[in-house]
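Trainee: Sequence and computational prediction follow.
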Amino acid sequence: MTSAISTASATRTWRNWAGNVSARPTREAVPASASEVAEAVRRAAEDGLTVKTVGSGHSFTAVAATDGLLIRPDLLTGIRRIDRTAMTVTVESGTPLKRLNAALAREGLSLTNMGDITEQTVAGAVSTGTHGTGRDSGSIAAQITALELVTADGSLITCDAERNADVFAAARIGLGALGVITAITFAVEPLFLLAAREEPMSFARVTHDFDELHAENEHFEFYWFPHTGNCNTKRNNRTAGPLAPPGAVSGWIDDELLSNRLFQVVNSLGRAVPATIPTIAKITSRALSARTYTDIPHKVFTTPRRVRFLEMEYAVPREACVAALREVKAMVERSPLKISFPVEVRTAPADDIALSTASGRDSAYIAVHVYRGAPHRGYFTAVERIMTAHGGRPHWGKLHTRDADYFARTYPRFDEFLALRDRLDPQRLFGNDHLRRVLGA
């Protein structure tokens, strides 16, 4: 038996971060190299087992669930090489984003844009289309310049814009359906500073000025607090400095005490007594105050998220964002729903990745959340109805009810992805129930 495969924990149940998805694989593998990944894949195929890879489990869907072989990339971590001439970094697929960001900063380098959560592995983040917000800079996957991938026959291939270009066009957001990513090469740039400005703003003003706020800022996002007319806006723009991070005490109060510990208490109360939620929302949203600070990118883009939740997020054409959000607000106001989490709105420019939610169109993201354990189906169903009416594309790692027929209508290159999948994995070694729904047979 190769050292890549461990059967000691083969009956252990795997659960995702939110706790809404579980699976019991037949066996697990913890490979330490790309060659060990390839060997694990070949052995699973010989034994008639399907194969899925799971990182930190931050997807809310069952995209990584399997009753076959579960590959854990815990030993596939670290930076392989930094090319300062090409300005790229090649990193092992199981490296958590938070470690990559910190390691790059130590080298005086940075990704151009980031999501706001950093617990995911790099492969898990890119495979499901993780993104931040940006006027000109797109998702994490849009910053990839090359991929290393183990395919269903155990082959190890490298793809970029010139080598295996058709694979590169699809596998940057591949849902784990095309193979097991073993390494990723990202474009990087010299470390820079971001001036962050956080400011309360009324719903009426932020929606009226949305196009202007988007155009004037490199990275703009906002949160609307349901049951109120209040929002909190975030504007991040490059600056020459000087470095002026939040104070240790004020930063802890804002990012840890208020955003996590107190928020946990508020949501626990709201789950127990839903009728209190609108009043609490009005009080807490009015208590927000403006703040500004300047820091390196990963300390501005990312925030700790310790309160567990379920999430659904849709990308709509950017020009449809305000109309869709106003419809969500009207729906909440006329319904008996009690929503304790703010609604998050971000943007991304069009890109050329086949299954990117921003593929071929400038996009805005509208994300809705509920506290873990609170009812979510009624809320998510109502929001999804609004989003699909605007041609929305759900985030691949977040809850939704769409299927392959829907995606064939909303992704112009969907058939291209399916054809590549048929070529690389005709026996569906990397398939599962979730992929059968979203990609078809």
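Mentor: Noted; the coordinates are in hand.
Trainee: What ranges does the stretch 101-250 of the chain have for its strands?
Mentor: 109-110, 144-150, 156-160, 180-187, 189-190, 193-202, 219-224, 230-239 (DSSP state E, counting those that start in this stretch).
Trainee: Direction included, what does the second one pair up with?
Mentor: According to DSSP bridges, strand 144-150 forms sheet pairs with strand 156-160 (antiparallel), strand 180-187 (antiparallel).
Trainee: if you average pLDDT over the longest one, what comes out?
Mentor: When you say that, I think you mean strand 180-187. Average pLDDT, strand 180-187: 98.
Trainee: do the same with the first one
Mentor: Confidence over strand 156-160, taken as the mean pLDDT, stands at 97.
Trainee: Touching it from outside, list them.
Mentor: 34-35, 38, 145-151, 164-165, 167-168, 171, 182, 185 (Cβ atoms under 8 Å, 6 or more residues apart in numbering). All C-beta spots, glycine's among them, are computed from the backbone N, C-alpha and C.
Trainee: Which pLDDT value does the model give Pro375?
Mentor: 94.
Trainee: Check Ala8 too.
Mentor: 43.
Trainee: what's the answer for Leu257, then?
Mentor: Confidence score, pLDDT, at Leu257: 68.
Trainee: just to revisit the earlier point, could you say which one of the strands paired with strand 144-150 comes nearest to Thr88?
Mentor: For those, the distance to Thr88 is smallest for strand 180-187, at 5.1 Å, taking Cβ to Cβ.
Trainee: got the domain boundaries for the protein?
Mentor: 79-190, 193-295+307-394 (automatic domain parsing).
Trainee: With Arg372 as the reference, measure out to the closest residue to Ala170 other than its chain neighbours.
Mentor: Counting by Cβ to Cβ, 6 or more residues apart in numbering, the nearest residue to Ala170 once its immediate chain neighbours are dropped is Ala354, at 4.5 Å. Ala354 sits 32 Å away from Arg372, going by Cβ to Cβ, to the nearest Å.
Trainee: At the geometric centre of the protein, which residue do we find?
Mentor: Thr130 (2.8 Å; Cα atoms, centre = their mean).
Trainee: from what I can see it touches Gln120, true?
Mentor: Yes - between Thr130 and Gln120 there is a contact at 6.3 Å, judged by Cβ atoms under 8 Å.
Trainee: sorry, back to before: could I get the strands paired with strand 144-150 as CSV with mean neighbour count?
Mentor: Below are these laid out as CSV (neighbours: other Cβ atoms under 10 Å):
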stretch, mean neighbour count
strand 156-160, 16
strand 180-187, 24
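Trainee: between those, which gets nearest to Gly124?
Mentor: Nearest of the strands paired with strand 144-150 (Cβ to Cβ): strand 180-187, 9.1 Å.
Trainee: what's in contact with the closest one?
Mentor: Contacts of strand 180-187 (Cβ under 8 Å, 6+ apart): 34, 37, 41, 51, 53, 71, 76, 80, 87-93, 111-112, 122-123, 126-127, 140, 143-150, 156, 160, 171, 174, 430.
Trainee: Let's see the ChimeraX selection covering just the buried ones among those.
Mentor: Restricted to buried positions by 16 or more other Cβ atoms under 10 Å, the ChimeraX selection for the contacts of strand 180-187 reads:
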select :34,37,41,51,53,71,76,88,89,90,91,92,93,111,112,122,123,126,127,140,143,144,145,146,147,148,149,150,156,171,174,430
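Trainee: going on from the worst-scoring helix or strand of the chain on mean pLDDT, what's the next piece of helix or strand?
Mentor: In the chain, no helix or strand scores lower on mean pLDDT, DSSP states H and E than strand 5-6, which sits at a mean of 48. Downstream of strand 5-6, the first helix or strand assigned by DSSP states H and E is strand 14-15.
Trainee: Paired strands for that next one, with orientation please.
Mentor: strand 22-23 (antiparallel).
Trainee: Need the mean per-residue confidence for the partner strand.
Mentor: Per-residue scores along strand 22-23 average to 96.
Trainee: what does it rub up against?
Mentor: 13-16, 62, 64-67, 70.
Trainee: just stretch 166-174 next, same as before
Mentor: In contact with stretch 166-174 (Cβ under 8 Å, 6+ apart) are residues 126-129, 139, 141-142, 144, 146-147, 149, 157, 159-161, 178-179, 181, 352-356, 396, 413, 416-417, 420, 424.
Trainee: send the alpha carbons of that stretch over as CSV?
Mentor: What follows is stretch 166-174, C-alpha atoms only, in CSV (Å, rounded to 0.1, in the frame of the first residue of the first chain):
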residue,chain,number,x,y,z
ASP,A,166,-8.7,24.7,-23.1
VAL,A,167,-8.1,23.1,-19.7
PHE,A,168,-6.8,26.4,-18.3
ALA,A,169,-9.9,28.2,-19.6
ALA,A,170,-12.1,25.9,-17.5
ALA,A,171,-10.1,24.4,-14.6
ARG,A,172,-9.5,27.7,-12.9
ILE,A,173,-13.1,27.4,-11.6
GLY,A,174,-13.6,23.7,-12.1
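Trainee: chain center to it: distance?
Mentor: 17 Å (Cα atoms, centre = their mean, to the nearest Å).
Trainee: buried stuff in it?
Mentor: 167-174.
Trainee: Equivalent analysis for stretch 336-343, please.
Mentor: 337-343.
Trainee: Among the residues you listed, name the ones in strands.
Mentor: Val343 (DSSP state E).
Trainee: Surely Ile366 touches Tyr314?
Mentor: Yes - using Cβ under 8 Å, Ile366 is in contact with Tyr314, at 5.7 Å.
Trainee: list residues touching both of these two?
Mentor: Contacts common to Ile366 and Tyr314, judged by Cβ under 8 Å, 6+ apart, are 383, 387.
Trainee: Could you tell me how far the residue lying closest to Asn236 once chain neighbours are set aside is located from Thr133?
Mentor: Leaving aside its chain neighbours, Asn236 sits nearest to His219 (4.0 Å; criterion: Cβ to Cβ, 6+ apart). Taking Cβ to Cβ as the measure, His219 falls 5 Å from Thr133.
Trainee: again, but for Gly94
Mentor: Distance from Gly94 to Thr133, by Cβ to Cβ: 26 Å.
Trainee: What of Glu319?
Mentor: Going from Glu319 to Thr133 by Cβ to Cβ gives 17 Å.
Trainee: the more surrounded of those two?
Mentor: Neighbour count, other Cβ atoms under 10 Å: between Glu319 and Thr133, Thr133 has more, with 26 against 12.
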